[in-house]
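**Q** Output the structure for:
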Amino acid sequence: MISALPTGRAFFWGRPAELPRERIEEQALEVMRERKIVVFPELRRASNAGTLNRLMVLQAPTLGIDASNDELAKVFLAHDKLHAIALLDGTRPVAIINRSSFMNEYSKLYYRELWGRRACLVHANQEPRLIEQNHNVDELIGILTSDDQRYLADGFIVTENGRYLGLGTSDQLVRSVMEARIEAARHANPLTFLPGNIPISQHIERLLKRGVDFVVCYADLNNFKPFNDQYGYWRGDEMIRLVARLALAHCDPRRDFVGHVGGDDFIILYQSADWQLQCERFIAKFAECAVELFDLSACAAGGIHAEDRYGVSRFFPLTTISVGAVKVAHGEYSNAQQVATVAARAKHDAKTHGVGLLVRDTADFSAC
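**A** Here you go, the predicted model:
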């Protein structure tokens, strides 16, 4: 007999059927038949510095939940730099006791005589922060910003599959958060906050290493320089941020990766099956939205008069975007540099031909 599930969990997967199913539903079969391996984008990671396993975990002694106040004081006196002690039930931590608050009580007159043999659990925080060692540091900001100041003083307990591993301090967490943010900032574009060249190359390498098929799309603006010269850097930055927003809106964050090479150059690494449709929608939506950044007179004329790179005044159409796409199959390229090279050539061809999206295959670059 199957026992009833707790309230709130009973229908997580679905309501129980009166009779067993005679066949598997088609959606489930599609998932089971899928053989494509998805390499998930790691948009928030520039290195491994953002996980707890890179922190110095303090291998601190522990006590059982039945330990007395005298036993606890003995451990603290033997380890004068220990900020807290975890109480375990077997191998699993259930509470944490802060050194300062406990020793302040233990040093009071007659405390040892009256309470020394009593269980120390009365002084414990029985809702400690338990953090798995591979947890992302960015997700622990709540410890530093929590209204409950106990977590700043007590720190947190590091676990491995729920078992006690050691202690972490708020000081360590602050340093780690700062290092992770600095590391991420080094590799992110300051205007769009999208991953820059290094994370882009890292993700391409991961895709190649896993042997998955993907599409690399290199996007670049047409007639952006005259627009930027005419309206100034503020509107120019707005247009670049527009590209970033639309690129993110037209990809699947669970499968696809958007990076900002620099200036008005962007890279999208697609694994989604509908990548071409999304890319065409991205191009069309940009053409629709970019018009709003021009003056009404420029919109009516279909462009602006500005100097070209040779100092000659001429007419430039409204800014659009060109995308060169290259389908990358397993085994065709061995490193990210080769992929970047053919993507740049595809982008150049797209701009030269004046088309929104130009799709290339490896055969088109056989001379590379």
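**Q** What segments of the protein are strands?
**A** Applying DSSP state E to the chain gives strands spanning 62-64, 84-89, 92-98, 130-132, 156-160, 163-168, 214-222, 257-262, 265-270, 303-307, 313-317, 320-328, 357-360.
**Q** possible to save those as a markdown table with mean neighbour count, distance to Phe282 and mean pLDDT?
**A** Yep, even glycine has a C-beta here, placed from its N, CA and C like the rest. What follows is the strands of the chain, written out as a markdown table (neighbours: other C-beta atoms under 10 Å; distance: least, C-beta to C-beta, whole Å; pLDDT from 0 to 100):
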| stretch | mean neighbour count | distance to Phe282 | mean pLDDT |
| --- | --- | --- | --- |
| strand 62-64 | 17 | 54 | 95 |
| strand 84-89 | 22 | 51 | 94 |
| strand 92-98 | 21 | 48 | 95 |
| strand 130-132 | 17 | 37 | 85 |
| strand 156-160 | 22 | 42 | 89 |
| strand 163-168 | 20 | 43 | 90 |
| strand 214-222 | 24 | 8 | 96 |
| strand 257-262 | 23 | 10 | 95 |
| strand 265-270 | 24 | 8 | 97 |
| strand 303-307 | 16 | 22 | 92 |
| strand 313-317 | 13 | 19 | 93 |
| strand 320-328 | 23 | 8 | 96 |
| strand 357-360 | 19 | 9 | 92 |
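**Q** Distance to Val243 added to those strands, as CSV?
**A** As requested, the strands of the chain are exported to CSV (distance: least, C-beta to C-beta, whole Å):
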stretch, distance to Val243
strand 62-64, 53
strand 84-89, 49
strand 92-98, 48
strand 130-132, 37
strand 156-160, 40
strand 163-168, 40
strand 214-222, 7
strand 257-262, 9
strand 265-270, 6
strand 303-307, 19
strand 313-317, 17
strand 320-328, 7
strand 357-360, 15
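**Q** What residues does the nearest residue to Leu82 once chain neighbours are set aside make contact with?
**A** Spatial nearest neighbour of Leu82, excluding adjacent residues (C-beta to C-beta, 6 or more residues apart in numbering): Ala60 at 5.8 Å. By C-beta atoms under 8 Å, 6 or more residues apart in numbering, the residues touching Ala60 are His79, Leu82, Ala84, Ile85, Ala86, Gly166, Leu167.
**Q** How about Leu194?
**A** Contacts of Leu194 by C-beta under 8 Å, 6+ apart are Ala188, Ala244, Leu248, Val258, Gly259, His260, Phe266.
**Q** Check what pLDDT the first one gets.
**A** Here, the pLDDT recorded for Ala188 equals 84.
**Q** Does it touch Gly196 like I think?
**A** Yes - judged on C-beta atoms under 8 Å, Ala188 makes contact with Gly196 at a distance of 5.8 Å.
**Q** hang on, the earlier thing: which one of the contacts of Ala60 is nearest Leu109?
**A** Ile85 (23.8 Å; C-beta to C-beta).
**Q** Give me the distance between the residue nearest to that closest one when sequence neighbours are not counted and Ala153.
**A** Leaving aside its chain neighbours, Ile85 sits nearest to Ile97 (5.3 Å; criterion: C-beta to C-beta, 6+ apart). Distance of Ile97 to Ala153, computed by C-beta to C-beta, to the nearest Å: 11 Å.
**Q** Please identify every residue contacting each of those two.
**A** With C-beta under 8 Å, 6+ apart as the test, Ile97 and Ala153 both reach Ala84.
**Q** what's the domain layout of this structure?
**A** 48-179, 187-365 (automatic domain parsing).
**Q** closest one to Glu26 among the ones you listed?
**A** domain 187-365 (17.1 Å).
**Q** So what's the gap between the closest one and the chain middle?
**A** A distance of 22 Å separates the centroid of the chain from that of domain 187-365, by C-alpha atoms, centre = their mean, to the nearest Å.
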